[in-house]
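Novice: Below are the sequence and a predicted model; questions follow.
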Amino acid sequence: MEKKERLRKIIWRIAVVIFAIVIIFLAFYNIKDLKQAKRAEYTLRQLKELRIALEEYYQLANEYPNLTQEGAKDNLRILDYTDKNGKFISFAEIYGRDSLPSTPENENIGESNMIYDTDNFSKRSRTGGWNYDFSGRTGEIHANLPVNIFSQNVDWCEY
């Protein structure tokens, strides 16, 4: 009887250890998934804010700002100008920031606020940042990120 009791206690302890390991694994998995979801949400929020500011700028200036201009990504004030009617137009004021936001980093890609002039949004680099159609004068902008970079199955050239 004593051997059966010991065996039962050993099996019980092994089951408790296995259960604890599974719980710890699931907790870490969920934490990683939550971090990935927050990065994707952050990127989508930044993209939305950029698009709204670009459209507001267009309504005032009848053209899109040259975000690809040297230094503009870090100092949007260099895009400030006064139009032919004497009206001061500032993308930084419209956007509410002095620099472009960075796309977040993960294990495969670094944080970046680089902006690339392109009309082919399916061409992406592994550098992060933003793809923007300035040359085509469309003002279209997308995150320059690989598909499913944050485990949310987002195709960034389509969004």
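Specialist: It's in.
Novice: State the pLDDT value of Ala27.
Specialist: Predicted confidence (pLDDT) for Ala27: 63.
Novice: Show me the shaky parts of the chain.
Specialist: Low-confidence segments of the chain (pLDDT under 70): 1, 26-32.
Novice: Name the residue closest to the centre of it, please.
Specialist: Residue closest to the average C-alpha location in the chain (Cα atoms, centre = their mean): Thr43, at 2.7 Å.
Novice: Check the contact between that one and His142; I expect there is one.
Specialist: No. Assessed by Cβ atoms under 8 Å, Thr43 is found out of contact with His142, at 10.2 Å. In short, each C-beta sits where N, CA and C put it, glycine included.
Novice: Pull up the overlap in contacts between those two.
Specialist: Listed contacts common to Thr43 and His142 are Trp156; contacts here mean Cβ atoms under 8 Å, 6 or more residues apart in numbering.
Novice: Quick check: the residue nearest to the centre of the chain is in a helix.
Specialist: Yes. Assigned with DSSP: H, G, I helix; E, B strand; the rest coil, Thr43 falls within a helix.
Novice: and it, what is it in contact with?
Specialist: Neighbour list for Thr43: 103-104, 143, 145, 150, 156 [criterion: Cβ under 8 Å, 6+ apart].
Novice: do Ser112 as well
Specialist: 102-103, 127-129, 144.
Novice: re earlier: measure the residue nearest to the centre of the chain to Glu63 for me?
Specialist: In this view, Thr43 and Glu63 are 26 Å apart by Cβ to Cβ, to the nearest Å.
Novice: Please apply the same query to Phe19.
Specialist: Between Phe19 and Glu63 the computed distance is 63 Å (Cβ to Cβ).
Novice: and the contacts of Ser112, which are buried?
Specialist: Those of the contacts of Ser112 that meet the buried threshold are 102-103, 128-129, 144, by 16 or more other Cβ atoms under 10 Å.
Novice: can I get the residues you listed in TSV with distance to Glu111 and secondary structure?
Specialist: Formatted as TSV, these follow (distance: Cβ to Cβ, whole Å; DSSP: H, G, I helix; E, B strand; the rest coil):
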residue	distance to Glu111	secondary structure
Ser102	4	coil
Thr103	7	strand
Gly128	6	coil
Gly129	9	coil
Asn144	12	coil
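Novice: any chance of those residues in CSV, with distance to Tyr116 too?
Specialist: Below are the buried ones among the contacts of Ser112 laid out as CSV (distance: Cβ to Cβ, whole Å):
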residue, distance to Tyr116
Ser102, 14
Thr103, 12
Gly128, 10
Gly129, 7
Asn144, 6
